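> Quick one, structure for this:
(one chain, ligands or ions: 1)
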Amino acid sequence: MSNTGKKMLESALGVITKTAKGLKLPDATIDRLLESDAVHELHFSVTMDDGTEKIFTAYRIEHNNALGPYKGGIRFHPNVNRDEVRALATLMTIKCAVAGIPYGGGKGGVIFDPKTVSGGELERISRAYARAISSFVGPEYDVPAPDVNTNPQIMRWMVDEYVKIQQARKTHYTKSQLWATFTGKPLDLGGTLGRTEATGRGGVIILKALLSKLKTQTTNHKSQANSNTQSLKIAVQGFGNVGYYFARLAEEEKFTIVALSDSKGGVYVKEGLDVDATLKCKKEKGSVAGCYCKGSVCNIAYGKTISNEELLELPVDILVPAALENVINAQNMKKIKAKIVVEMANGPVTEEAYEYLTKQGVVIVPDVLANSGGVTVSYLEWYQNMKGETWREEKVNKRLKKMMEEALDIIWKKSVAKKLPLKQAAFEVAIERILAKMV
Ligand code: GLU
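As a prediction, the model looks like this:
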């Protein structure tokens with residue numbers, strides 16, 4: 001896996017280098033864009049349920065803060081490694097710049113498998129990590145959030161620990177401003193309505209806006225351009241927070257969801273499946289595989305079980321990898337049939353596959369745009385905390401829609417004007433914005 005981290009880092013730095021060279025930036029400026037400001041490697045000890053003390057290794061990497069405080073999630077995963085966290089921190093800098101929010105980029109991670117620890121152990125690990133980063137995070141300096149295997153409950157423990165430490169230090173911040181150090185929190189600790197759905201919602205907003213842009217363009221995308229959402233078939237890989245909300249909200253927008261999967265496998269229902277019935281069935285069975293649900297009825301005759309690999313190769317219009325990195329790669333790129341790929345996971349399409357598919361005319365919506373709804377609503381949460389405000393959900397969703405549509409619009413215009421794929425255009429927009437503020 002550290003190999004995967006290395007690959008991810010090479011590919012993130014590779015895209016920045018290529019874009020910066022295209023912009024004719026001097027080498028010294030390119031080096032500054034590639035380097036991280038700070039790499040914190042942390043080691044802390046936690047008492048396990050059996051009374052033994054265990055040492056955990058963790059990271060917080062702060063890449064660039066030209067546009068504002070370092071911003072980015074914390075993942076709990078056995079494969080977390082320095083290169084991967086660095087790649088993800090770098091991509092957060094780009095993502096926040098693409099989203100047009102006043103943040104730089106950072107990322108954190110703790111190396112362990114959360115599935116193998118008890119609830120009490122998970123809480124003690126979360127609190128210990130918050131203590132370990134407490135001297136360098138803060139509402140105006142570095143603002144963590146959830147990522148893979150972390151959630152509002154984990155943010156609750158972390159922010160609680162952090163506030164206790166800061167209050168003992170007699171900070172000038174109000175409690176609500178201290179809460180702003182972490183986003184993706186539960187509502188009673190300054191969380192915002194709309195944050196849980198935000199990443200999926202943002203992806204659907206981008207998809208709809210993209211389709212209407214393709215419609216007005218005379219391209220070879222006539223199959224998508226001339227159809228209404230209902231006739232567009234979508235396959236979503238991943239049924240966690242991101243995949244589930246993307247699928248559910250796309251269904252609400254009348255797209256036809258024909259396939260879903262989780263880590264154990266998936267289902268394919270040709271005529272379209274029911275997302276919430278599938279979720280209910282997954283909760284009962286422990287897996288999406290075998291949940292062939294149309295309307296509220298699940299019946300084996302409706303569909304078939306497929307593997308995660310098969311899902312990617314289905315005859316669909318839109319493919320949404322919303323789980324892991326590098327799933328569309330040199331091995332399967334020639335078998336991809338979708339004409340639009342929406343990168344809801346971070347880094348699901350490798351560089352090689354990206355180049356191949358782009359040449360084939362596939363439109364790939366890059367992760368730094370497609371999944372930026374999460375960090376955009378994190379910003380709205382932070383903003384409310386800093387100002388002591390509480391917004392209604394409609395206000396959050398309206399702002400999210402406006403911000404995402406604006407982000408796409410600027411990238412789309414650049415992509416058309418310079419004949420660049422969306423990813424290249426997104427990186428150019430981001431780098432220009434960062435450079436304008438970098439001292
Ligand atoms: N972990 C999410 C991401 O990769 C959200 C980050 C945040 O809200 O700060 O975009």
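> so where do the helices sit in the stretch 1-150 of the chain?
2-22, 27-34, 82-99, 119-133 (DSSP state H, counting those that start in this stretch).
> between those, which one is nearest to the ligand?
helix 82-99 (6.0 Å; Cβ to the nearest ligand atom). C-betas here are computed from N, CA, C, even on glycine.
> And for residue 7, the neighbour number?
Counted by other Cβ atoms under 10 Å, the residues lying close to residue 7 total 19.
> Quick check: the gap between it and residue 352.
Distance of residue 7 to residue 352, given as Cβ to Cβ, to the nearest Å: 11 Å.
> And for residue 295?
41 Å.
> who's more crowded, the two?
residue 352 (14 against 11).
> tell me which element the more buried one is part of?
helix 351-359 (DSSP states H and E).
> Just name whatever secondary elements that helix is in contact with.
If you count contacts as 3 or more Cβ pairs under 8 Å, 6 or more residues apart in numbering; DSSP states H and E, helix 351-359 packs onto helix 2-22, strand 363-365.
> contact partners of it?
By Cβ atoms under 8 Å, 6 or more residues apart in numbering, the surrounding residues in contact with helix 351-359 are 11, 14-15, 328-330, 332-334, 336, 341, 349, 364, 421, 423.
> and with 10 Å instead?
7, 10-12, 14-15, 18, 319, 326-334, 336, 338-339, 341, 343, 348-350, 362-364, 366, 420-424 (Cβ atoms under 10 Å, 6 or more residues apart in numbering).
> Run the angle between that helix and helix 2-22 for me.
50 degrees (axes from the mean of the first three to the mean of the last three Cα atoms, to 10 degrees).
> Tell me how confident the model is about helix 351-359, as a mean pLDDT.
Taken as a whole, helix 351-359 has a mean pLDDT of 95.
> Identify each buried residue in it, please.
Neighbour-count burial for helix 351-359 flags 351, 353-354, 356-358 (criterion: 16 or more other Cβ atoms under 10 Å).
> OK, contacts around whichever residue of the stretch 201-350 of the chain sits closest to the ligand?
Closest to the ligand within the stretch 201-350 of the chain is residue 346: 5.7 Å, counting by Cβ to the nearest ligand atom. Residues in contact with residue 346 (Cβ under 10 Å, 6+ apart) are 8, 12, 73, 75, 84, 87-88, 91-92, 95, 107, 147-148, 242, 324-325, 367-368, 370-371.
> go on, residue 276?
Residue 276 touches 244, 247-248, 251, 293, 296, counting by Cβ under 10 Å, 6+ apart.
> Give the bridge partners for whichever residue of the stretch 51-200 of the chain sits closest to the ligand, please.
Closest to the ligand within the stretch 51-200 of the chain is residue 73: 2.8 Å, counting by Cβ to the nearest ligand atom. Note on residue 73: beta-bridge partners by DSSP bridges are residue 145.
> That one and residue 242 touch, don't they?
No. Residue 73 is not in contact with residue 242 according to Cβ atoms under 10 Å; the separation is 11.8 Å.
> Next, show the common contact partners of those two.
The contact lists of residue 73 and residue 242 share 148, 346, 374, where a contact means Cβ under 10 Å, 6+ apart.
> What parts of this protein come near the ligand?
Residues of the chain found near the ligand, taking Cβ under 6 Å from any ligand atom as the criterion, are 71-73, 95, 145, 147, 183-184, 346, 371, 374-375, 378.
> Pipe these into JSON lines and attach distance to residue 51 and pLDDT per row.
Output for the residues of the chain next to the ligand, formatted as JSON lines (distance: Cβ to Cβ, whole Å; pLDDT from 0 to 100):
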{"residue": "71", "distance to residue 51": "38", "pLDDT": "98"}
{"residue": "72", "distance to residue 51": "35", "pLDDT": "98"}
{"residue": "73", "distance to residue 51": "32", "pLDDT": "98"}
{"residue": "95", "distance to residue 51": "42", "pLDDT": "98"}
{"residue": "145", "distance to residue 51": "33", "pLDDT": "98"}
{"residue": "147", "distance to residue 51": "31", "pLDDT": "94"}
{"residue": "183", "distance to residue 51": "35", "pLDDT": "98"}
{"residue": "184", "distance to residue 51": "32", "pLDDT": "98"}
{"residue": "346", "distance to residue 51": "38", "pLDDT": "91"}
{"residue": "371", "distance to residue 51": "41", "pLDDT": "97"}
{"residue": "374", "distance to residue 51": "38", "pLDDT": "97"}
{"residue": "375", "distance to residue 51": "40", "pLDDT": "98"}
{"residue": "378", "distance to residue 51": "38", "pLDDT": "98"}
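> Using ChimeraX, make a named selection holding only the buried ones among the residues you listed.
A single ChimeraX command selects the buried members of those (16+ other Cβ under 10 Å):
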select :71,72,73,95,145,147,183,184,346,371,374,375,378
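> among the residues of the chain next to the ligand, which two are most distant?
183 and 346 (17.0 Å; Cβ to Cβ).
> List the buried residues in stretch 317-330.
By 16+ other Cβ under 10 Å, the buried positions in stretch 317-330 come out as 317-329.
> just the CA coordinates of that stretch, formatted as CSV?
Output of stretch 317-330 as CSV, limited to C-alpha atoms (Å, rounded to 0.1, in the frame of the first residue of the first chain):
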residue,chain,number,x,y,z
ASP,A,317,-23.9,6.4,-19.4
ILE,A,318,-22.3,7.7,-16.2
LEU,A,319,-19.9,5.9,-14.0
VAL,A,320,-19.4,7.1,-10.4
PRO,A,321,-16.4,5.7,-8.5
ALA,A,322,-17.2,6.7,-5.0
ALA,A,323,-15.0,4.4,-2.9
LEU,A,324,-11.3,3.8,-3.4
GLU,A,325,-8.4,5.3,-5.3
ASN,A,326,-6.9,3.8,-8.5
VAL,A,327,-9.9,1.6,-9.4
ILE,A,328,-9.9,2.7,-13.0
ASN,A,329,-6.5,1.8,-14.3
ALA,A,330,-4.4,0.4,-17.1
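> Could you report the neighbour count for the closest residue to residue 389 other than its chain neighbours?
Computed as Cβ to Cβ, 6 or more residues apart in numbering, the closest residue to residue 389 that is not its neighbour in sequence is residue 383, at 7.7 Å. Residue 383 has 16 neighbours, counted by other Cβ under 10 Å.
> where in the stretch 101-250 of the chain is pLDDT low?
218-227 (pLDDT under 70).
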